[in-house]
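> can you look at this prediction? I've put the sequence above it.
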Amino acid sequence: MKIQAAEMQANFPKCATIPSTEESFIILFAEDWRAPCLASFINGVLPTNTKHARKLKKTMKRYFVDGSTLYRKGFNGEPLKCLGESEAQQVMQEVHAGECGEHQEMKRLYRQLLSVGYYWPTMKNDAHNFVRKCHTCKVHANLSHKPPTLLQDMRTPWLFHTWGLDLIGTIHPPSDGYIWILTATEYFTKWVEAVPLRKATRAATANFIREYIVCRFGISYKIVTDNGTLFVNRQVGSTLSVYGIKHRRSTPYYPQGNGQAKATNKILLRILSKMVYEYEGGWSVHLPDALWAYHTSPRSATGFSPYSLVYGSDAISPVEITIPTARVSAVNDLEWETKSCSDWRLLELEALDEKRAEAERTVLYHKNVAQAYNRTVKPRSFKQGDLVLKVMEHIRRQVSGPSKFAPQWEGPFTVKEVYSSDYYRLVSVKEGTLTDPINGKWLKPY
């Protein structure tokens, strides 16, 4: 013991008191993971605890010392310099984000650190955390194309229960001064109401709801719109409040939130474009004809035309006047008795329930489609106080960005308000400004 004490005093001449070997091992290990190996290689110091000493000896077989520097033997025998915590952070910063760093992902960073000749025990986990916290990597990360939430079931319990409103425009060239089309689509029958507008005003929207929806089809339960000022304002809110109609809003740059109205717009514009191309006159002149064509054509979602689901019979089309069909010929050839007309109409009305039931069965098919869609969902939700990044506005608007090197994400932002239907209001961490509502599809954790 005297010899060992003399050796320790010689090795540590400046220490006033020398702790036990076990205490030295614990202190050194807490300060630097390399210390126990270095102490053992250089000074022959081992823990007094037999289990710890045996573990350290086994570990030392994979290491060697050159001067006062500890190295680990790589799998191919190459020497890997062992680094402490501060050196490890410095090396990761240089390899990942230095002048020659490519901001590689975690696995590649880990492999590159090994290939250049460095090692520390927590290197893989540290590389993962370092990349995960890199702001540059976050704002330039790829977009996630997997939906964050389940597909919403938009089936309605009765006719004219739900309407989706949307605005098409501005339309060029104008037609008789009209540059907008305000549309409303009924969710079950797919019936559409549309009016051309010279000015898209709040008063025009409120009047459209009263005149074209309430006065024609009764009071609906719910109206779905985006968050545009044309729909979210005092006049529209007052009109909806008078009739007790609920207002559900989707978020900007996320047309799927009001998907039924957006789908109708595409079909209506396609019909209009063909009519304008083939016939003379501006598009506003052909809008009623386009609506008629839409109403009398079977829709894939239901299997029936909107006209037949609303009125219980098919409309008489112009071609039936040119080349009479059986029903037109029967009326022309003889005067129908009142009773015969009544019986015929009753049969049509009885068939209407069957049509609507069949349309409901078709909707069930779309429910199966929704289930398949939901299997692709990657759940992603946030709560108040979470830090998030949001997709750059030019990407959400599907327009060209300021440059080829512009980031795809911006932020960070703090989640300020959480609403149903997976949309949020954010506050900029730097500026403290409140943003417009945004769908969770465009967000990711910071």
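It's in.

> switch to C-alpha atoms for all contacts and neighbour counts from now on
OK.

> count of neighbours near residue 284?
22 (other Cα atoms under 10 Å).

> just the strands in the stretch 201-350 of the chain please.
Applying DSSP state E, counting those that start in this stretch to the stretch 201-350 of the chain gives strands spanning 222-225, 246-249.

> deepest of these, which one?
By mean neighbour count, with neighbours taken as mean count of other Cα atoms under 10 Å, strand 222-225 ranks first of the strands of the stretch 201-350 of the chain at a mean of 21.

> what mean pLDDT does it have?
The predicted model assigns strand 222-225 a mean pLDDT of 89.

> ok, it: who's next to it in the sheet?
In the sheet, strand 222-225 lines up against strand 162-169 (parallel), strand 246-249 (parallel) (DSSP bridges).

> contacts for it?
161-166, 231, 245-250, 258 (Cα atoms under 8 Å, 6 or more residues apart in numbering).

> which members of the residues you listed are the farthest-apart pair?
Farthest-apart pair in the contacts of strand 222-225 is 161 and 231; separation 18.6 Å (Cα to Cα).

> which of the two has more neighbours?
For residue 161 and residue 231, the more surrounded residue by other Cα under 10 Å is residue 231, and the numbers stand at 22 against 19.

> which residues touch the more buried one?
So residue 231 contacts 202, 205, 225 (Cα under 8 Å, 6+ apart).

> spatially, what comes nearest to residue 394 if we skip its sequence neighbours?
Of all residues not flanking residue 394 in the chain, residue 401 sits nearest, at 5.6 Å (Cα to Cα, 6 or more residues apart in numbering).

> is the one you found in a helix, a strand, or coil?
Residue 401 falls in the coil class when you classify it by DSSP: H, G, I helix; E, B strand; the rest coil.

> that one and residue 408 touch, don't they?
No. Look at residue 401 against residue 408 with Cα atoms under 8 Å: they stay out of range, at 9.3 Å.

> what is the nearest of the contacts of residue 231 to residue 122?
Within the contacts of residue 231, proximity to residue 122 (Cα to Cα) peaks at residue 225, which comes in at 51.8 Å.

> in which helix or strand does the residue nearest to residue 102 when sequence neighbours are not counted reside?
Computed as Cα to Cα, 6+ apart, the closest residue to residue 102 that is not its neighbour in sequence is residue 96, at 6.1 Å. Following DSSP states H and E, one finds residue 96 within helix 85-97.

> return the set of buried residues in that helix.
88, 91-93, 95-97 (16 or more other Cα atoms under 10 Å).

> please name every helix or strand in contact with it.
For helix 85-97, the elements it packs on are helix 106-116, judged by 3 or more Cα pairs under 8 Å, 6 or more residues apart in numbering; DSSP states H and E.

> buried stuff in the helix it packs on?
By neighbour count with 16+ other Cα under 10 Å, helix 106-116 contains the buried residues 106, 109-110, 112-114.

> quick check, nearest of those residues to residue 54?
residue 114 (27.2 Å).

> that closest one contacts residue 79, correct?
No. With contact defined as Cα under 8 Å, residue 114 does not count as touching residue 79 (10.0 Å).

> hmm, which helix or strand of the chain has the shakiest average pLDDT?
Least confident helix or strand, the chain: helix 21-31 with a mean of 43, by mean pLDDT, DSSP states H and E.

> name the helices or strands packed onto the helix or strand just after that helix?
With elements assigned by DSSP H and E, the helix or strand that comes after helix 21-31 is helix 35-38. Other helices and strands packing on helix 35-38, by 3+ Cα pairs under 8 Å, 6+ apart, are helix 21-31, helix 50-60.

> could you give the mean pLDDT of the last one?
What that stands for is helix 50-60. Across helix 50-60, pLDDT averages out at 74.

> show me where pLDDT drops low in the protein?
Along the chain, segments meeting pLDDT under 70 span 1-31, 44-48, 144-155, 251-259, 301, 325-379, 398, 420-421.

> starting from the longest strand anywhere in it, tell me which strands it pairs with and how they run.
Secondary structure of the chain read by DSSP state E shows that its longest strand is strand 409-419. Each strand paired with strand 409-419, and its direction, by DSSP bridges: strand 387-391 (antiparallel), strand 423-428 (antiparallel).

> what residues of the following helix or strand past the first one count as buried?
Using DSSP H and E, the helix or strand that follows strand 387-391 in sequence is helix 393-396. Of the residues in helix 393-396, none has enough neighbours to count as buried (16+ other Cα under 10 Å).

> figure out how far helix 393-396 is from the centre of its chain.
Centroid displacement of helix 393-396 relative to its chain, using Cα atoms, centre = their mean, to the nearest Å, is 13 Å.

> do the same with stretch 426-434
21 Å.

> swap in stretch 293-311?
That offset, for stretch 293-311, works out to 32 Å (Cα atoms, centre = their mean).

> show me what contacts residue 408?
So residue 408 contacts 139-143, 391-392, 395 (Cα under 8 Å, 6+ apart).

> would you mind listing which of those are buried?
For the contacts of residue 408, buried by 16+ other Cα under 10 Å: 139-140, 391-392.

> for those residues, which one is nearest residue 118?
For those, the nearest to residue 118 is residue 140 (27.7 Å; Cα to Cα).

> excluding its backbone neighbours, what's nearest that closest one?
residue 407 is the one closest to residue 140 (Cα to Cα, 6+ apart), at 4.8 Å.

> residues near that neighbour, how many?
Residue 407 has 18 nearby residues by other Cα under 10 Å.

> check residue 317 too.
11.

> tell me the contacts of it?
Per Cα under 8 Å, 6+ apart, neighbours of residue 317: none.

> mind listing what's buried in stretch 417-425?
Buried residues in stretch 417-425, counting neighbours by 16+ other Cα under 10 Å, are found at 417-418, 421-425.

> so what's the gap between it and the chain middle?
12 Å.

> how about the helices of the stretch 201-350 of the chain, start to end?
202-208, 215-217, 234-243, 259-278, 283-295, 306-311, 318-322, 326-333, 338-374 (DSSP state H, counting those that start in this stretch).

> which strands and helices lie in contact with the third one?
Spelled out, that is helix 234-243. Here helix 234-243 touches helix 202-208, going by 3+ Cα pairs under 8 Å, 6+ apart.

> which residues does the helix it packs on contact?
Outside helix 202-208, the residues that touch it by Cα under 8 Å, 6+ apart are 182, 229-231, 233, 235-236, 239.

> chain center to that helix, what's the gap?
Worked out by Cα atoms, centre = their mean, helix 202-208 lies 31 Å from the chain centre.

> look up how far residue 212 lies from residue 271.
Distance, residue 271 to residue 212, by Cα to Cα, to the nearest Å: 21 Å.
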